[in-house]
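Peer 1: What follows is a protein structure lacking sequence information:
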């Protein structure tokens, strides 16, 4: 059984991919980094939002092999902050 992805979803995905690619390039050029303290702070905030322990968030990220994605999202968010401040 073959599933076709609607063209609308492909378009949205490609826009997001392009935006993330551009923001990642800007982050590298501007040397935007997320410190371990900032990373930890975001974990704490996420735990507070979901009303669970930080360790539960860490466990979930580990189970889904998502630490890299989480870090990349933080870098992109910080890059947007840098761009808005200019």
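Peer 2: Happy to help now that I have it. Computed from a predicted structure; not experimentally measured.

Peer 1: can we go C-alpha only for contacts and neighbour counts from here?
Peer 2: Will do.

Peer 1: What residues sit buried inside the top helix by length along the chain?
Peer 2: The helix that spans the most residues within the chain, counting by DSSP state H, is helix 7-30. For helix 7-30, burial by neighbour count (16 or more other C-alpha atoms under 10 Å) applies to 23-24, 26-27.

Peer 1: what pLDDT does the closest residue in space to residue 33 that isn't next to it in sequence get?
Peer 2: Spatial nearest neighbour of residue 33, excluding adjacent residues (C-alpha to C-alpha, 6 or more residues apart in numbering): residue 75 at 6.2 Å. Residue 75 is assigned a pLDDT of 96 by the prediction.

Peer 1: Surely residue 75 touches residue 32?
Peer 2: Yes - counting by C-alpha atoms under 8 Å, residue 32 is a contact partner of residue 75 at 6.7 Å.

Peer 1: Counting neighbours, what do you get for residue 54?
Peer 2: 19 (other C-alpha atoms under 10 Å).

Peer 1: correct me, but it touches residue 39?
Peer 2: No - counting by C-alpha under 8 Å, residue 54 does not reach residue 39; the two are 11.6 Å apart.
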